[in-house]
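Peer 1: predicted model and sequence follow; I will ask about them next.
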Amino acid sequence: MFALGAPALASVLLDPFMGAIDTAYVGRLPSDDALSALAVSATCFSFCFKMFNFFAVVVGAATARANGNASANEDGEWRDDDFRAKAREIVSASVVVAFALGCATCIGLEWFSDEALYACGATRGVGVEAFQGVENAGATTMNSVLWDDAEKYLRIRALALPAATVSLVGVGAFRGLLDAKTPLVVACVVEAVHFALDPILIFGFGPIVGMDVAGAAIATTTAEWIGAALFVKYMMDERILDARAMFTAPKELDELAALARGSSAQLTRTVFLQVVLVSATATASTLGVAGAHQLCLQLWWVTLFGLDSIAVSAQALVAASLGKNDVVGARNAADRALQWGVSAGVIVGAVVFALAPSIPYLFTNDASIAAEAVTPIRIIALLQPLNSAVFVGDGVLQGASDFDYLAKAMAFAAGVGALGIAVYSSADDASLASVWAGVAALMTARAATLGWRYYRDDASPLRIERALEAVAYSIDDVDER
């Protein structure tokens, strides 16, 4: 598990780390409110991008199952050819669908950019300081300059959506192969390009004029297209992506139908989650603390996705074990992942809590924004053990293809989270900490629903009784022989 988890740590941190780098550089622009413009526009893009996370999850589980099924055969050469053929159909069809959906969403964001910014809690103002709270329908007023900054960032980042969706398929495909190193290589190249371009395009260098927030978007978009090109190359080298297979009728219709059902359930689940997170950003904007919220949100994603590397390992190992009908192995892998995840969460939480007063200055020089972020950062720190258990639980049930339950559980948890944000933020002394208390309610509800499915629900594909039945069946089979 550690061999898979260590490389996966860097690869899953790619998107949040890119966001954190953008935040750190933009937070040092002369305009104190540039972070606020980035907060709303980045949330809009993040909502769209994370809606397509199901590609990594579902393609990974399907590829791992095909891998597990193939490895049960005796003829090594046939096994490899059979697996590659199945994986090629799954991955090739997914790349086509992912690219098409990425293009359609890109067009939608370009066409409805104003509406997207409004949905995230901003409204256009004239001669008003950015993100100054007003009593206008609970929205936040943004002056024309910063509205233009937010709109430019969103429009430019939208151009990366086709590349980002294809990369998600690539991540899932290599997870299914139990190969965490290839996504790591891609992540390192992408972040190196992004890290080099960001300061040049934001602040300017030599003949290159600084483009502020728009420069951050160009750097990130360029890096993501390079990442997509690398994933396509590596998938072709691995013989799990073929240009002809992308445009021919699939043979494995049952497998692709299951893929579509899982994708639909995962999409529903992700939309519920993103609605709550967008609500959190909109509420922070209304309270006039969008800049500090952006800072906290980037820390949240970095720590969350860092811990998610263990969930990636759990998903791949559980799917591969179930592909061999090894329920005991799947359960053991899940239990180990939960132990590792909670332990890592305790360590990360302790470090973040201790460094809470200093962390904001990684992203901004503004003392008032930094002060607003300290208490929410401590809430984030205290949530780390719970967060890690939730992420590992997600990975385990995703590996078991329990997508329908995950969607229903997220619908319930999202309702709890949205209610928590609304209630806590309606108090007279509401602050950014109130918003993050609502997020804590979301994560608590997620932990409760996942824990029920894993430990108590008889319908769970990983119930211990099923594992014991599988062991008894294996023993009887040996006795008969």
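Peer 2: Yes, it's here. Numbering: from 1, shown residues only.
Peer 1: now the helices for the stretch 301-450 of the chain?
Peer 2: In the stretch 301-450 of the chain, the helices defined using DSSP state H, counting those that start in this stretch lie at 327-354, 367-399, 403-425, 432-451.
Peer 1: could you dump the ones you listed to TSV with mean pLDDT and distance to Arg155?
Peer 2: (Each C-beta comes from the backbone N, C-alpha and C, glycine too.) TSV is the format used below for the helices of the stretch 301-450 of the chain (pLDDT from 0 to 100; distance: least, Cβ to Cβ, whole Å):
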stretch	mean pLDDT	distance to Arg155
helix 327-354	89	34
helix 367-399	91	26
helix 403-425	92	28
helix 432-451	94	27
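Peer 1: mean neighbour count added to those, as a markdown table?
Peer 2: Below are those laid out as a markdown table (neighbours: other Cβ atoms under 10 Å):
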| stretch | mean neighbour count |
| --- | --- |
| helix 327-354 | 19 |
| helix 367-399 | 23 |
| helix 403-425 | 20 |
| helix 432-451 | 22 |
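Peer 1: using a markdown table, please lay out these together with distance to Val318.
Peer 2: Putting the helices of the stretch 301-450 of the chain into a markdown table (distance: least, Cβ to Cβ, whole Å) gives the following:
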| stretch | distance to Val318 |
| --- | --- |
| helix 327-354 | 5 |
| helix 367-399 | 3 |
| helix 403-425 | 13 |
| helix 432-451 | 14 |
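Peer 1: Ala192 is nearest to which of those?
Peer 2: Nearest of the helices of the stretch 301-450 of the chain to Ala192, taken as Cβ to Cβ: helix 327-354 at 24.8 Å.
Peer 1: the closest one vs helix 367-399, what angle?
Peer 2: 180 degrees (axes from the mean of the first three to the mean of the last three Cα atoms, to 10 degrees).
Peer 1: so which elements touch helix 327-354?
Peer 2: Applying 3 or more Cβ pairs under 8 Å, 6 or more residues apart in numbering; DSSP states H and E, we find helix 327-354 packed against helix 290-323, helix 367-399, helix 464-480.
Peer 1: give me the most central residue, the protein.
Peer 2: Lys50 (5.5 Å; Cα atoms, centre = their mean).
Peer 1: got the contact list for that one?
Peer 2: Residues near Lys50 by Cβ atoms under 8 Å, 6 or more residues apart in numbering: Thr270, Leu273, Gln274.
Peer 1: and stretch 230-248, C-alpha only, in CSV?
Peer 2: Taking C-alpha atoms only, stretch 230-248 is exported to CSV below (Å, rounded to 0.1, in the frame of the first residue of the first chain):
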residue,chain,number,x,y,z
LEU,A,230,1.8,13.5,-21.6
PHE,A,231,-1.0,11.3,-20.3
VAL,A,232,-2.1,10.6,-23.9
LYS,A,233,1.4,9.6,-24.9
TYR,A,234,1.9,7.4,-21.8
MET,A,235,-1.5,5.7,-22.3
MET,A,236,-0.6,4.9,-25.9
ASP,A,237,2.8,3.6,-24.9
GLU,A,238,1.0,1.3,-22.4
ARG,A,239,-1.4,0.1,-25.1
ILE,A,240,-4.5,1.1,-23.1
LEU,A,241,-5.4,4.0,-25.5
ASP,A,242,-5.7,3.6,-29.3
ALA,A,243,-6.9,6.1,-31.8
ARG,A,244,-8.9,3.5,-33.7
ALA,A,245,-10.7,2.3,-30.6
MET,A,246,-11.7,5.9,-29.9
PHE,A,247,-13.9,6.0,-33.0
THR,A,248,-15.2,2.4,-33.3
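Peer 1: name the residues of it that are buried.
Peer 2: Leu230, Phe231, Val232, Tyr234, Met235, Glu238, Ile240, Leu241, Asp242, Ala245, Met246 (16 or more other Cβ atoms under 10 Å).
Peer 1: what's the most distant pair in these?
Peer 2: Leu230 and Ala245 (19.8 Å).
Peer 1: show me where the stretch 1-150 of the chain has its helices.
Peer 2: So, for the stretch 1-150 of the chain - with DSSP H, counting those that start in this stretch - the helices run 2-12, 14-26, 34-51, 54-71, 76-111, 113-119, 144-158.
Peer 1: got a markdown table for these, with mean pLDDT and distance to Arg331 too?
Peer 2: Output for the helices of the stretch 1-150 of the chain, formatted as a markdown table (pLDDT from 0 to 100; distance: least, Cβ to Cβ, whole Å):
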| stretch | mean pLDDT | distance to Arg331 |
| --- | --- | --- |
| helix 2-12 | 49 | 18 |
| helix 14-26 | 72 | 30 |
| helix 34-51 | 75 | 29 |
| helix 54-71 | 69 | 15 |
| helix 76-111 | 79 | 24 |
| helix 113-119 | 79 | 42 |
| helix 144-158 | 80 | 41 |
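Peer 1: could you give the mean pLDDT of stretch 271-286?
Peer 2: Here stretch 271-286 scores 85 as its mean pLDDT.
Peer 1: got the buried residues for that stretch?
Peer 2: Neighbour-count burial for stretch 271-286, counted by 16+ other Cβ under 10 Å, picks out 271-274, 276-286.
Peer 1: pick out whichever of the residues you listed sits closest to Ser426.
Peer 2: Thr283 (9.6 Å).
Peer 1: roughly how far does the closest one sit from Ala39?
Peer 2: 12 Å (Cβ to Cβ, to the nearest Å).
Peer 1: what of Ala64?
Peer 2: From Ala64 over to Ala39 (counting by Cβ to Cβ), the distance is 37 Å.
Peer 1: same check, this time on Lys324
Peer 2: From Lys324 across to Ala39, the span is 46 Å (Cβ to Cβ).
Peer 1: more crowded one of these two?
Peer 2: Ala39 (29 against 16; other Cβ atoms under 10 Å).
Peer 1: my guess is that one meets Thr281, correct?
Peer 2: Yes: using Cβ atoms under 8 Å, Ala39 is in contact with Thr281, at 6.3 Å.
Peer 1: and the helices and strands packed on helix 327-354 as a markdown table, adding distance to Ala411?
Peer 2: Supplementary listing: those in a markdown table, determined by distance: least, Cβ to Cβ, whole Å:
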| stretch | distance to Ala411 |
| --- | --- |
| helix 290-323 | 20 |
| helix 367-399 | 14 |
| helix 464-480 | 26 |
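Peer 1: among those helices, which is nearest Arg157?
Peer 2: helix 290-323 (14.5 Å).
Peer 1: least confident pick among the buried residues of stretch 230-248?
Peer 2: Ranking those by pLDDT, Ala245 lands last with 63.
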